[in-house]
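# Only the shape, not the letters, is given here:
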């Protein structure tokens, strides 16, 4: 089983001194985020009481995955609807991961990782080709883990780390640094 963990950290440039923004009796500095109560959206202070507004993006749903709807009781972006793998695949880790909307993993042996299918060590001995949708200019971390090694009935080596690549620019995995 493979999980693609996306780490996004956009940077805001701040020039000079600015009075910031205020709303609901609170003051925010330039670049600070304000979650709108009861809505799954946010504002980022641009300064001079101007805000950049944001909301959840569209959710792609891979085959056999299901959609978790918007939950306005949670802060942004945890409130956003998102796709999750079918029941039985990493249920205790789902809330901690941001799943890619589309992820394809194939090996030169001709097999593909497909949401919980079992692959043999011989089939996956070489580095895979990994394709996913990415935001241009963003940085990603790819972690290939086995959440139930050696088997689903006896996961004594659960969360076994097979491969980890950090500092990936967009979807170009070859631009990243192999960490494990």
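Thanks, I have it. All figures in this text were calculated on a predicted structure; none of them were measured in a lab.

# drop to CA atoms for contacts and neighbour counts, all remaining ones
Fine.

# Just the pLDDT for the residue nearest to residue 137 when sequence neighbours are not counted.
Leaving aside its chain neighbours, residue 137 sits nearest to residue 170 (6.0 Å; criterion: C-alpha to C-alpha, 6 or more residues apart in numbering). Here the pLDDT value assigned to residue 170 is 87.

# how's the protein carved up into domains?
According to automatic domain parsing, the chain comprises the domains 1-13+58-180, 21-55.

# quick one: contacts of the longest strand belonging to the chain?
In the chain, with assignment by DSSP state E, the single longest strand is strand 160-169. Outside of strand 160-169, the residues within contact range by C-alpha atoms under 8 Å, 6 or more residues apart in numbering are 136-149, 173-180.

# so where do the strands sit in this structure?
For the chain, the strands defined by DSSP E cover 3-5, 21-23, 26-28, 33-35, 41-47, 50-55, 66-68, 82-84, 103-106, 112-113, 129-132, 139-146, 160-169, 177-178.

# Phi and psi next, for the residue nearest to residue 137.
Dihedral pair for residue 170: phi 60, psi -130, per degrees, to the nearest 10.

# The chain should start at 351 in everything you say after this.
Got it, first residue is 351 now, which makes that one residue 520.

# burial count for it?
The tally of other residues near residue 520 (other C-alpha atoms under 10 Å) stands at 18.

# That one is in contact with residue 491, isn't it?
No - shown here, residue 520 and residue 491 do not form a contact pair, counting by C-alpha atoms under 8 Å, at 10.0 Å.

# Show me how far the longest strand of the chain is from its chain's centre.
Relative to its chain's centre, strand 510-519 lies at 13 Å (C-alpha atoms, centre = their mean, to the nearest Å).

# can you check stretch 381-396 too?
Distance of stretch 381-396 from its chain centroid, counting by C-alpha atoms, centre = their mean, is 20 Å.

# ends of it, how far apart?
Using C-alpha to C-alpha, to the nearest Å, one end of stretch 381-396 lies 6 Å from the other.

# Now do the buried residues in it.
381-385, 389-396 (16 or more other C-alpha atoms under 10 Å).

# Equivalent analysis for stretch 481-488, please.
484, 488.

# quick check: mean pLDDT across it?
Stretch 481-488 carries an average pLDDT of 83.

# looking only at pLDDT, what's the mean for stretch 385-398?
Mean predicted lDDT for stretch 385-398 stands at 86.

# One more: stretch 401-413?
Across stretch 401-413, pLDDT averages out at 78.

# Go ahead and measure how far it is from the middle of the chain.
What separates the centre of stretch 401-413 from the centre of its chain is 12 Å, taken as C-alpha atoms, centre = their mean.

# List the contacts of that stretch.
Applying C-alpha under 8 Å, 6+ apart, the set of residues contacting stretch 401-413 from outside is 371, 390-396, 417, 427, 430-433, 451-452.
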